[in-house]
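**Student:** pasted the sequence and its predicted model underneath.
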Amino acid sequence: MFEWLGENWWALWLTAFLAFAVIEMITLDLFFIMLGGGALAALAADFAGAEPWLQVVVFCIVSLLMVAFVRPVALSHLKKGPSEQRTNVDRLIGESAIVMEAVTSDGGLVKIGGDIWSARSAAGVLPAGQKVVVSAIDGATSVVSVPPAAATGPVTA
């Protein structure tokens with residue numbers, strides 16, 4: 001079997017690519033897929049007739065280049081996007097809320113959408129009925145502040 005693998009390096013590179021792809025599907029870190037790209041480059045080098053030592057060099061160089069240059073760009077593109085693409089609690093940042101129970105820097109309650117959240121104020125005391133904006137989520141607590149153009153009085157609804 002080892003003799004066959006020694007003569008058919010393409011099978012090794014194809015197996016390595018498939019293994020890296022499976023690991024990438026599990027981790028979703030965009031690291032192993034870069035190694036998979038190196039394995040595909042080595043596979044192409046094998047089909048072009050390169051010696052095994054050169055295939056290993058191609059794998060290493062292409063993998064390093066992809067990790068160093070392609071991965072950071074891909075990660076930055078994944079992390080940016082419009083707010084409608086944000087998920088989970090990240091979607092709440094920038095949403096308006098109504099103070100249900102006075103909010104201080106120590107705590108309080110706000111209603112975001114249809115849900116009641118524990119909250120704390122980014123600055124000052126916010127009275128019940130005040131319209132606020134969610135500026136951050138810290139664990140299970142929303143950090144709220146007065147919107148820039150909002151009136152200082154309570155909202156009547």
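**Tutor:** Perfect, I can see it now.

**Student:** drop to CA atoms for contacts and neighbour counts, all remaining ones
**Tutor:** OK.

**Student:** once you drop chain neighbours, what's closest to residue 74?
**Tutor:** residue 30 (8.0 Å; CA to CA, 6 or more residues apart in numbering).

**Student:** right, and that neighbour touches residue 24 too?
**Tutor:** Yes - here residue 30 lies in contact with residue 24, judged by CA atoms under 8 Å, at a distance of 6.6 Å.

**Student:** helix or strand next in line after the helix or strand of the chain with the lowest mean pLDDT, which one?
**Tutor:** Lowest on mean pLDDT, DSSP states H and E among the helices and strands of the chain sits helix 2-7, with a mean of 73. Note on helix 2-7: by DSSP states H and E, the next helix or strand toward the C-terminus is helix 9-27.

**Student:** give the buried residues for that next one.
**Tutor:** 9-10, 13-14, 16-21, 23-24 (16 or more other CA atoms under 10 Å).

**Student:** just checking, what packs against whichever helix or strand comes after that helix?
**Tutor:** The element immediately downstream of helix 9-27 (helix or strand, assigned by DSSP H and E) is helix 32-47. For helix 32-47, the packing partners by 3 or more CA pairs under 8 Å, 6 or more residues apart in numbering; DSSP states H and E come out as helix 9-27, helix 52-65.

**Student:** shaky segments in the chain?
**Tutor:** Counting by pLDDT under 70, the chain shows low-confidence ranges at 1-2, 5, 80-87, 150-157.

**Student:** would you map out the domains in it?
**Tutor:** 2-79, 88-145 (automatic domain parsing).

**Student:** would you mind finding the most buried of those?
**Tutor:** Of all those, domain 88-145 has the most neighbours on average by mean count of other CA atoms under 10 Å, namely a mean of 18.

**Student:** now do it: distance to the chain's middle.
**Tutor:** With CA atoms, centre = their mean, to the nearest Å as the basis, domain 88-145 stands 24 Å off its chain's centre.

**Student:** what sits against residue 45?
**Tutor:** 54-55, 58 (CA atoms under 8 Å, 6 or more residues apart in numbering).

**Student:** redo that, cut-off 10 Å
**Tutor:** When contacts are counted by CA atoms under 10 Å, 6 or more residues apart in numbering, residue 45 touches 10, 39, 51-52, 54-56, 58-59.

**Student:** so how far is residue 123 from it?
**Tutor:** Taking CA to CA, to the nearest Å as the measure, residue 45 and residue 123 are separated by 61 Å.

**Student:** one more: residue 58?
**Tutor:** 56 Å.
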